[in-house]
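*Asks:* Take a look and give me a structure for this.
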Amino acid sequence: MKAGQLRHRITIQQLSTTRDDYGGVVEAWADFATDIPASVQPLSGRELIAAQAAMSTVTTKFGMRYIQGVTAAMRIVFGGEVYNMLPPIDPEMRHKELIIMAGTGLNQG
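*Replies:* Reported below is the predicted structural model:
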């Protein structure tokens, strides 16, 4: 992955749970990783049609250097928008980069 392609900055968030003063469970999104250099690409017509088989709101492909622990239960924040993630792809299983298909729509919070 070429560094010049990673010109955008994104944040990855995960859902965390805590207990309030009354013992109730409180869920909130917390930053997992911030200020991540990433490529952001709207999907072409062909990619969008293929991706819709898995999730009808997929609109964007994010590329970044590998970060351990990133899962589909997380979300991406970019440009004030929240993107729900599909499972991240580790090309060739080399732990060099991640490709994440994501989209807006019904957000997870």
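*Asks:* Please name the bridge partners of the residue nearest to L86 when sequence neighbours are not counted.
*Replies:* Closest residue to L86 apart from its sequence neighbours, by C-beta to C-beta, 6 or more residues apart in numbering: M101 at 4.5 Å. From N, CA and C alone the C-beta is placed, and that goes for glycine too. On the basis of DSSP bridges, M101 takes part in beta bridges with K61.
*Asks:* start at 590 instead
*Replies:* Renumbered: residue one is now 590, and that last one reads M690.
*Asks:* Could you report the neighbour count for M690?
*Replies:* If you count neighbours by other C-beta atoms under 10 Å, M690 ends up with 24.
*Asks:* Do I have it right that it meets I665?
*Replies:* No. The criterion here is C-beta atoms under 8 Å, and M690 misses it with I665 at 10.5 Å.
*Asks:* Distance-wise, check the residue nearest to L675 relative to Y655.
*Replies:* 16 Å (C-beta to C-beta, to the nearest Å).
*Asks:* try A662
*Replies:* As judged by C-beta to C-beta, A662 and Y655 stand 18 Å apart.
*Asks:* what about the strands in this structure?
*Replies:* 597-608, 614-631, 649-654, 664-667, 670-674, 686-692 (DSSP state E).
*Asks:* dump the residue contacts of K650.
*Replies:* Taking C-beta atoms under 8 Å, 6 or more residues apart in numbering, we find K650 in contact with 628-632, 636, 688-691.
*Asks:* And A662 and Y655? Which one has more around it.
*Replies:* Neighbours were counted for A662 and for Y655 using other C-beta under 10 Å; Y655 has more, 14 against 11.
*Asks:* Could you check the pLDDT of that one?
*Replies:* In this model, Y655 is scored at 96, pLDDT.
*Asks:* pretty sure it contacts E686?
*Replies:* Yes. Shown here, Y655 and E686 form a contact pair, counting by C-beta under 8 Å, at 5.7 Å.
*Asks:* which residues do these two both contact?
*Replies:* D679.
*Asks:* First-to-last residue distance for stretch 675-692?
*Replies:* Using C-alpha to C-alpha, to the nearest Å, one end of stretch 675-692 lies 9 Å from the other.
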